[in-house]
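Asks: Would you be able to build a 3D model of this:
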Amino acid sequence: MYKIDVEKGQVVEEIPSFADYTMMKTSRYICAATSTGSVDFLDPGTLTVIKTWQAHSSQISSMDVKTDYLLTCGWSAKSYGAPQLDHVVKVFDIKNLKVLNPISFPAGAAFVQIHPRMSTTTLIASTHGQLHLLDFMNPDNAAMLHVQLTSVVTSMMISPSGNVWAIVDQENAIRLWASPEKLQFTEILNPTEFADEVVHARPMGVDDDCPLNSIGMPLYRERLLSAWGNDRYFEVGKPPATIDPDILKNLRPNPGGIGQIAPNPRKLFRNQVEEMKPAGTNGTAFAAPKLLSEKARDPKNKPSNGSPVSGAAETLLKTASSEVTKADVPNYYVNLAIKFGPRLGIEDFDFKYYNKTRYSGLTNNLMNSYLNPLLQLLRFTPIVRNTALRHVAGSCAQDCCLLCEIGFLCDMLERSRGKWCQATNFLLAYRSLPEAAQLNIVEETTLRNTLDVRISIANRFLLEQICGDSRREDLYNSNLDQTFITNGLLTLRCLNCNHETFRNDASHVTTLAYPDLNVFGRIRGHFPKFSDALDLGFQNESHTKGWCQRCRRYAPLASRRTITDVSPVLMINTGLDKNPKHKQIWARPHWLPQEIGITIEGGNMRVLEGESLQPFRYHRSTVVFELVGLVAEVTSAERQKSHLVSFINVAISERSPREDGNQWHLFNDFLVRKVEQIEALEVTTWKTPVILTYQVRHARHNIDDSWKGSLDLSCLYYNGSLNIFNSPEAFSLKPGVEAPEAGTHVAIDAEFVILAREEIEITADGQVVVLNPKRNGLGRVSVLRVGGEDEGIPFIDDYITINEPIVDYVTQYSGIEEGDLDPRHSKHSLVSLKSAYKKLWLLLNLGCIFVGHGLGKDFLEANMHVPREQIIDTADLFLQRDNSRRLRLAVLAELLLREEVQTGYHDSIEDARTALRIWRKYEEFEDAGIVEHIVNKAYRDARKTNYIPKWEYEAMNSDKSKGKVGVGGGSADLVLLGGRVSPEMAGSGASGTVTPVRRGRQGGEGEGSGYFESPLK
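Replies: Model prediction:
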């Protein structure tokens, strides 16, 4: 036996056979007929004989195999003469490896073939033209036919569709049996393909007269040994320092007898060495940028855009793999990591280094951030984006609603315009769903699936979940069902009795099904296209075991799906995780089409692409889809784990057409860059597509913002507390009286609790490296009225329930005590995170202007992006020019309002009211034109008390004189929370009133001068 590579036309391996084989058929095993009438069942992998079945005593004339059944007919030796055809057709069960009852055929069975579409229907023929069409599982009911012949039958064949039978006689005449309306022939035959002529290489000599570029390279598919990757380059150290020429020309023998000496030219200080750039370094390595705080301290960095640092970063990001290292992963595809600052955490990381576009990326430092590429794909699909925003603008109050979270995320990504974002709230809701944990697609649980399998399962689960969320809100008439669900009719046929049952079938995701390359090429004569794989995925046929109503028992069933209508958004799983060998189909250039067409007419469905689509593009039954983007798995270098990226044509989601047409971008978490279309759709050894998204072409540029004019504001007028019977007071707006609108000012402050402490590592040289930053959770948010008689009175004061362990309540700096966030014990207005977030989101989209202190940190922790024009931050209003230090709220209150605040526990209502009053003071100073004078004086006075309130400064000095360390008995290790200084390890069990009593101060000698005098003076 010979194993042949049909693509190369070469004999790969010669294998000794166990018998003289005359014919072979492939199924579960390789069925090989021998010249002695037996059949050997060979293992496809090892080609060893599993079982031998003696079917006939002389020789096998014909055999066929379908699914798990093998049928043979042949000769048997007779004692009184030559071998004769057996009057039976032998049947063998390949799955159970046992012989079944034979099929009687008195005329002598010479040929047998199983129907291509009906797995238990077979056609048996004799040499004289007698035909039997029967079900070999029920052979009693056979249809008998006869062919009028002048000679004997030599061969028989059934067409792949099963509509035509061909019988060939000894005179080379072909007789066709078929229905006239189903029998079709091509009028133009394909030209005969002849073998290529062998081109003999001409001899050439390798000498000085023969250029080397005239010698051609052989065709190769494997990676060359000379293609060294970036991981093969190593740092070998610095070259020796170059000796100064002044030293060389003044060398003289050393009187000591060893070496030579020269005078010191004194061009460097003592113990100073000139910095040398290492030689032979690899320029394509992706080095992490410096922290923003490090760049600010580095005098070499200039703020101009044309600085060497920014130019080098741009060059580094544009570096692609060279021709020599084409098989390596380009540097902008690698698995990125965030470097956290020791004080500012993630805010200290330079995200602009990785993203110079106006499209925002998502950070990858959160659990389950492998969903980032899929979320970006949904955000840039206009139909999904519009549906999610319309849903979240409605009255949905369901906790853990993923559709609402997608709407929040889409709005934040659009507002950010290139700034980094985090999918914190979405991922929190995602991992809280018990169904996700059961499917092993949550990283907190034990992961049993590979990354491509996990994202494929998550794709199907996410679509089913958001369709369910939409169904609950729209009273079981979901628009998303019409967006994602492809409807079909599933036909189940019993293989024993041919009884058929029908039922409706709806699917959110379609998985591609790939044809057998050998069978496909032999039947159709060309390489399979993407449309072929999608068509098989839509109308797949499979066999299973189920209950048959007629047989009244479990029986083998054949299922076939017929599509009745397709959804406007097609979410497709490539299915390469099931059989990686199918990736060779994707390796063909331009295999993934930019556009496809689907026609459904008369119950028949066709998938068109390329030239076959053009004649039907404007047909009334043709729906044209265009590729929005794809999620791909990138297998990085050996020292990195594989990860997911997305390629998206962002031009589809633009509000108006662009002159430059398609705009393909790579989204590698927070790295975003423009790429060419051929690079986005190319499949390489290290890049494998996992998820595809197609959308109807007429939805291009269909960006709907009508939801902004129909915001449901009911949650602002109804508190919705989870413990309404325990809370003494619930705040809300007055219906019919108060209506926030664009330009409405509100004062805001938020408090946070610690959910996870930061993890640090101290290096050998003493540097502190932050491995994982501290993670905070929103614990309380207060929003106050501005203007009118009720100025300073809150209409939102929500405590947020948290469904995960709280490490530290930071009570002294948040005012939140243990039990305040527990619905069973809390005496405050307790709401869910989504409810509190939606209230702020509504105020944001209404155009309200937020007044507060340190709001940048508050909104960052709350996972909300607010434009600069909608923020009035008192920390920035009183910021001294060319000074990065911001004054604390308590310091500004003491200097400008002559009041002591935050003397006990912090209170968000008190802090927001104080920030509001400081802003009012700022307006007075601005009208008088003395803002800069007031700011400079405030910094001079704050410097005297080390930038802390005077009462705190005096208490600290008093504690030092008594031998105490710290402030208020807490730890002196301070961190920044919500724009204020907070302790990292403060005790949470202290008692006291939550809202402190404001203490007025009488200005002593020299105190307050310049702050409270008449502005005219």
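
Asks: How many neighbouring residues does residue 455 have?
Replies: Residues near residue 455, counting by other CB atoms under 10 Å, number 23. Using the backbone N, CA and C atoms, a C-beta is placed for each residue, glycine as well.

Asks: Would you mind measuring from it to residue 139?
Replies: 49 Å (CB to CB, to the nearest Å).

Asks: before we move on, what about residue 689?
Replies: To residue 139, residue 689 is 48 Å away according to CB to CB.

Asks: Neighbour count: the two, which is higher?
Replies: In this comparison of residue 689 against residue 139, neighbours counted by other CB under 10 Å, the higher total goes to residue 689 at 22 against 18.

Asks: The more buried one: what's it in contact with?
Replies: Contacts here follow CB atoms under 8 Å, 6 or more residues apart in numbering; on that basis residue 689 touches 574, 576, 586, 592, 630, 631, 632, 683.

Asks: Hmm, the first one is touching residue 693, no?
Replies: Right, residue 574. No - taking CB atoms under 8 Å as the contact criterion, residue 574 and residue 693 are not neighbours in contact, 11.8 Å apart.

Asks: neighbour-wise, which of those two wins?
Replies: Each of residue 574 and residue 693 has its neighbours counted (other CB under 10 Å); residue 574 has more, 27 against 24.

Asks: show me what contacts the more buried one?
Replies: With contact set as CB under 8 Å, 6+ apart, residue 574 has these partners: 511, 512, 586, 688, 689, 690, 691, 692.

Asks: and the fifth one, what element?
Replies: To tie it back to what came earlier, the one meant is residue 689. strand 687-696 (DSSP states H and E).

Asks: Mean confidence (pLDDT) on that strand, please.
Replies: For strand 687-696, mean pLDDT is 94.

Asks: Also stretch 294-307?
Replies: The pLDDT scores in stretch 294-307 average 57.

Asks: Can you show me the strands along the stretch 601-750 of the chain?
Replies: Counting by DSSP state E, counting those that start in this stretch, the segments of the stretch 601-750 of the chain that form strands are 604-608, 622-634, 643-649, 664-668, 671-674, 687-696, 745-756.

Asks: And these: which comes nearest residue 223?
Replies: For the strands of the stretch 601-750 of the chain, proximity to residue 223 was assessed by CB to CB; strand 687-696 is nearest, at 14.7 Å.

Asks: got the angle between that closest one and strand 622-634?
Replies: Our comparison of strand 687-696 with strand 622-634, counting by axes from the mean of the first three to the mean of the last three CA atoms, to 10 degrees, yields an angle of 150 degrees.

Asks: Make 43 the first number, not 1, from now on.
Replies: OK, 43 is where the count begins now, so the last one is strand 729-738.

Asks: now the angle between strand 685-691 and strand 729-738, please.
Replies: Computed by the same axes, to 10 degrees, the angle between strand 729-738 and strand 685-691 is 40 degrees.

Asks: Tell me which residue lies nearest the centroid of this protein.
Replies: residue 415 (2.8 Å; CA atoms, centre = their mean).

Asks: State whether it is indeed within a helix.
Replies: Yes - when the secondary structure is assigned by DSSP: H, G, I helix; E, B strand; the rest coil, residue 415 falls within a helix.

Asks: low-scoring stretches of the stretch 343-492 of the chain, by residue?
Replies: Counting by pLDDT under 70, the stretch 343-492 of the chain has low-confidence residues at 343-370, 487-489.

Asks: hmm, try it at 80
Replies: Counting by pLDDT under 80, the stretch 343-492 of the chain contains low-confidence ranges at 343-371, 384-385, 486-490.

Asks: for the stretch 643-792 of the chain, same thing?
Replies: Scanning the stretch 643-792 of the chain for pLDDT under 80 picks out the ranges 644-645, 678-682, 700-704, 761-762, 765-772.

Asks: contacting residues around the residue nearest to residue 652 when sequence neighbours are not counted?
Replies: Take residue 652 and drop its neighbours on the chain: the residue closest to it by CB to CB, 6 or more residues apart in numbering is residue 635, 6.4 Å away. Residue 635 makes contacts with 572, 573, 651, 652, 669, as judged by CB under 8 Å, 6+ apart.
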